[in-house]
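Trainee: no sequence on hand, only this structure:
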Ligand code: HEM
């Protein structure tokens with residue numbers, strides 16, 4: 001009995017070292033099965049890395065939603081209103097109008113982005129209080145900053161607390177479901193939709209919204225682009241950057257020692273290379289494609305562009321976090337597309353986001369040193385556990401060793417529970433999304449009834 005007890009105990013104790021990896025592999029197999037045989041991974045057997053960009057930028061690699069099983073899953077995660085989420089609109093006049101509006105809103109904030117981001121960061125960081133060490137999850141710490149920032153960018157007024165709560169609840173729910181750490185809570189998301197709808201109806205949006213969209217669709221559009229994508233992506237990008245600094249104290253010390261903007265740029269590029277925000281971006285081909293010597297890619301194929309793999313290829317020691325590699329390398333010539341490819345719907349915030357991020361990094365680094373012993377992976381389901389230690393001229397910064405040791409143990413055990421949760425909830429959501437077929441049904445409706453399909457989708 002004692003031997004059996006010891007054996008069970010040993011298995012239990014070893015769980016953190018092998019179970020999460022087994023569960024992640026099982027989850028990947030389930031997700032791969034959604035794509036079925038229609039998906040072509042790039043780079044992959046058919047198209048190697050040298051043709052990655054050419055294929056991504058090919059004019060016929062332009063379908064976004066229609067005809068891919070994968071789209072049902074993305075529409076499910078991004079509900080409500082995924083049919084007007086810019087990323088998922090098919091090419092055509094409606095897309096052009098939406099994309100123009102996004103560009104216009106972002107451009108209107110470009111000149112004041114740095115100051116605005118710094119002010120939002122100051123307000124949120126001041127809210128941490130005066131204790132010497134604060135335990136935070138970086139994604140959670142960042143979301144209110146970006147909620148305030150994008151609110152002010154869109155509405156040209158300071159973000160009230162209740163709106164900030166609505167935005168953070170919405171963005172957190174989307175990110176949590178996308179990572180399969182929780183189910184969707186549409187009530188939280190719809191509270192924000194109602195708020196945005198009322199702002200539009202009251203005439204409180206100082207931008208011209210896409211005239212081709214109904215008023216409810218305009219609210220969904222704002223929610224999708226600015227209060228899902230913008231807040232989630234900026235928060236995740238910042239959380240990765242700060243986790244990378246926490247894991248590389250030499251890099252952090254160099255940043256903290258002087259306001260070296262060039263070095264910060266290299267650190268940001270490296271963080272975006274090593275931890276790209278997109279795992280896979282997909283396109284559906286609208287015509288046969290022939291590039292290089294390879295076989296013809298048939299019309300209607302689903303191309304899955306694998307960012308992490310592309311970002312690893314052609315670099316020395318690709319898994320090493322090494323900002324100084326960008327001293328020699330050109331971000332244009334290297335296999336580096338953190339904001340997508342120029343010729344095929346790149347990120348409209350590629351100019352503004354880095355400016356705002358830089359301002360937030362300086363605000364944080366000048367107040368705090370960042371430490372972590374938690375794992376740092378591309379999908380970051382742990383939301384970036386960190387200790388922020390207030391910088392002091394008198395005592396300097398002492399490494400909080402005991403608290404870091406506790407954090408490390410807790411993170412490994414949380415990983416066990418979280419990976420099982422992700423497997424169960426991910427499987428459920430894949431099943432639920434396939435059952436609802438939000439994207440497929442939307443296009444079927446559109447084909448059958450035309451405008452009648454332009455109703456809310458979730
Ligand atoms: C550091 C932060 C960000 C990164 C790394 C990032 C990355 C990307 C990437 C790689 C794509 C292209 C995906 C594809 O080819 O399908 C994309 C598209 C997009 N991003 Fe960002 N993004 C960030 C922040 C933002 C922000 C702040 C906004 C605010 C509006 C935004 C809005 C969008 C939209 C609307 C698209 C779809 C573009 C289209 O299809 O026309 N992103 N982003």
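Mentor: Okay, I see it. Since we're looking at a predicted model, the values are computed, not measured. Numbering: from 1, shown residues only.
Trainee: for the host helix or strand of residue 53, name the packing helices and strands.
Mentor: Residue 53 is part of helix 52-56, with elements assigned from DSSP states H and E. Secondary-structure packing of helix 52-56 (3 or more Cβ pairs under 8 Å, 6 or more residues apart in numbering; DSSP states H and E): strand 39-42, strand 302-306. Quick note: C-beta positions are derived from backbone N, CA and C, even for glycine.
Trainee: sheet partners, orientation included, of the shortest one?
Mentor: Listed by DSSP bridges, the sheet partners of strand 39-42 and their directions read strand 302-306 (parallel).
Trainee: and the next helix or strand after the helix holding residue 53 with strand 302-306, angle?
Mentor: Going down the chain from helix 52-56, the next helix or strand is helix 69-78, by DSSP H and E. Relative orientation of helix 69-78 and strand 302-306, computed by axes from the mean of the first three to the mean of the last three Cα atoms, to 10 degrees: 60 degrees.
Trainee: ok, back up a step: do the helix holding residue 53 and the ligand meet at all?
Mentor: No: using Cβ under 6 Å from any ligand atom, helix 52-56 stays clear of the ligand, coming no nearer than 7.4 Å.
Trainee: before we move on, what about stretch 221-229?
Mentor: Yes: applying Cβ under 6 Å from any ligand atom, one finds stretch 221-229 in contact with the ligand at 225-226, 229.
Trainee: tell me the buried residues in that stretch?
Mentor: 221-229 (16 or more other Cβ atoms under 10 Å).
Trainee: hmm, back to that, please compute how far the helix holding residue 53 lies from its chain's middle.
Mentor: 22 Å (Cα atoms, centre = their mean, to the nearest Å).
Trainee: tell me the buried residues in that helix?
Mentor: Buried, per 16+ other Cβ under 10 Å, within helix 52-56: 52-53, 55-56.
Trainee: ok, so of these, who is nearest the ligand?
Mentor: Closest approach to the ligand among these (Cβ to the nearest ligand atom): residue 56, at 7.4 Å.
Trainee: was I right about the closest one contacting residue 344?
Mentor: Yes: here residue 56 reaches residue 344: they are 5.6 Å apart, a contact under Cβ atoms under 8 Å.
Trainee: any residues in contact with both of these two?
Mentor: Residues touching both residue 56 and residue 344 comprise residue 283, with contact defined as Cβ atoms under 8 Å, 6 or more residues apart in numbering.
Trainee: which of the helices and strands packed on helix 52-56 sits most buried?
Mentor: Greatest average neighbour count among those goes to strand 302-306 (a mean of 22), per mean count of other Cβ atoms under 10 Å.
Trainee: and after it, which helix or strand comes next?
Mentor: Defined by DSSP H and E, the subsequent element after strand 302-306 is helix 307-312.
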